[in-house]
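Q: Mind looking at a prediction? Sequence and model below.
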Amino acid sequence: MTALPAILALGFFLGMRHATDPDHVVAVATIVSRHRRAGSAAAIGAAWGLGHTLTILIVGGGIILFGWVIPPRVGLSLELAVGVMLIVLGAANLRDLIRLFRHAPGAPHPEVHSHAHAHGDYVHTHPHGHTPERHPHEPERTPVSWLDRHLGGMTLYRLLRPLIVGIVHGLAGSAAVALLVLAAISEPRWALLYLVLFGAGTIVGMMIVTAAIALPFRYAGMRSGFFAARLRVAAGMVSLLFGTFLVYRIGIVQGLFSNAVLP
């Protein structure tokens with residue numbers, strides 16, 4: 001029991017380190033790229049960490065208390081879901097790249113030009129003028145306007161996506177974390193406390209990570225909206241490529257798409 005406090009403290013710091021796993025950072029980067037304030041980015045990190053912690057506690061607690069067994073194929077399928085999610089998040093960010101090329105002017109009129117600009121949290125690009133201000137659509141007529149009008153009053157509305165992303169990540173990694181705890185702590189109540197501290201460390205770690213990621217996007221947005229859009233495109237490309245790599249590794253190399261994995 002003398003080593004138990006050290007093990008519990010280690011759980012918190014391991015949770016902080018867990019937040020920096022590449023698939024976690026890539027996923028939140030695609031979401032944070034739409035925000036320019038460190039406070040908003042940290043809230044996104046907290047929502048991700050909360051979703052991750054909830055599934056770690058539920059699934060990990062079931063393994064510790066009730067002896068749940070996660071079949072290998074189910075475990076790999078949950079990890080595959082992370083890869084698919086990264087592909088979807090990356091593709092969503094890359095829509096900006098399509099808009100940039102679609103609206104790139106060949107010989108722009110001095111009063112009509114195209115550059116990235118924002119309507120609230122929504123950043124996009126299309127030709128418009130400033131002398132006088134001429135815009136092809138009303139500021140509220142953007143792809144997120146319907147959701148903003150109908151759900152804008154919900155304080156957790158903008159945190160829903162990182163929460164869901166965190167839940168998916170938690171499902172994919174909860175079995176491994178719980179089994180690691182069982183190998184070190186045999187007492188169920190202390191094992192559950194370890195999971196709680198691990199989750200708390202993950203929340204704190206992801207808040208720090210997301211706040212740090214937001215800094216270059218904020219700087220780029222202050223310097224040039226066009227460069228900020230390019231950063232979002234880069235984040236989308238990384239997410240898309242990394243998600244594709246995960247799907248290939250899990251489906252082909254680890255055999256999820258074949259009979260190499262036991263049911």
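A: That came through fine.

Q: would Ala260 count as being in a helix?
A: No. Counting by DSSP: H, G, I helix; E, B strand; the rest coil, Ala260 is not part of a helix but coil.

Q: what's the burial count for it?
A: Residues lying near Ala260 (other CB atoms under 10 Å) number 11. Yep, even glycine has a C-beta here, placed from its N, CA and C like the rest.

Q: where's Leu256, which helix or strand?
A: Secondary structure from DSSP states H and E places Leu256 outside every helix and strand.

Q: For Phe257, see how far away the closest residue to it other than its chain neighbours is.
A: Residue nearest to Leu256 in three dimensions, not counting chain neighbours: Leu76, with 4.5 Å by CB to CB, 6 or more residues apart in numbering. To Phe257, Leu76 is 10 Å away according to CB to CB, to the nearest Å.

Q: Let me see the contact set for Val32.
A: Taking CB atoms under 8 Å, 6 or more residues apart in numbering, we find Val32 in contact with 41, 44-45, 210, 213-214, 217.

Q: ok so, going back, compare Leu76 and Phe257 (neighbour count), which wins?
A: Legend: neighbour count by other CB under 10 Å for Leu76 and Phe257, higher for Leu76 (19 against 14).

Q: Confirm Trp68 sits in a strand?
A: No. Read with three-state DSSP, Trp68 is coil and lies in no strand.

Q: and Ala27, how many residues sit next to it?
A: Ala27, neighbours per other CB under 10 Å, totals 25.

Q: who does the longest helix along the chain touch, helix- and strand-wise?
A: Secondary structure of the chain per DSSP state H: the longest helix is helix 188-223. Applying 3 or more CB pairs under 8 Å, 6 or more residues apart in numbering; DSSP states H and E, one finds that helix 188-223 contacts helix 4-18, helix 22-32, helix 38-66, helix 160-184, helix 225-248.

Q: quick one, which of those helices is nearest to Leu197?
A: Nearest of those to Leu197, taken as CB to CB: helix 4-18 at 4.4 Å.

Q: Any chance you could list what contacts that closest one?
A: Contact with helix 4-18 is made by 24, 173, 177, 181, 184-185, 190, 193-195, 197-205, 208, as judged by CB under 8 Å, 6+ apart.

Q: again, but for stretch 179-193
A: By CB under 8 Å, 6+ apart, stretch 179-193 touches 4, 7-8, 11, 57, 60-61, 63-65, 178, 194-195, 198.

Q: mind giving me CSV with those and columns for pLDDT and neighbour count?
A: As requested, those are exported to CSV (pLDDT from 0 to 100; neighbours: other CB atoms under 10 Å):
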residue, pLDDT, neighbour count
Leu4, 80, 14
Ile7, 84, 17
Leu8, 85, 16
Gly11, 90, 24
Leu57, 93, 19
Gly60, 90, 29
Gly61, 91, 18
Ile63, 90, 20
Ile64, 89, 24
Leu65, 89, 12
Ala178, 82, 25
Tyr194, 93, 28
Leu195, 93, 26
Phe198, 94, 27
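
Q: Nearest to Ile250 among those?
A: Looking across these and measuring by CB to CB, the closest to Ile250 is Ala178, at 20.0 Å.

Q: Now the closest one: closest residue in space that isn't a chain neighbour?
A: Nearest non-adjacent residue to Ala178 (CB to CB, 6+ apart): Gly60, at 3.5 Å.

Q: That neighbour contacts Gly199, doesn't it?
A: No. Between Gly60 and Gly199 there is no contact under CB atoms under 8 Å: 9.2 Å.

Q: shared neighbours, the two?
A: With CB under 8 Å, 6+ apart, Gly60 and Gly199 have no common neighbours.

Q: shaky segments in this structure?
A: Under the criterion pLDDT under 70, the flagged ranges of the chain are 1-2, 36, 96-157, 220-228, 261-263.

Q: Now tell me what touches stretch 240-254 from outside.
A: Against stretch 240-254 from outside (CB under 8 Å, 6+ apart): 22-23, 26, 76, 79-80, 82-91, 94, 256-258, 260-261.
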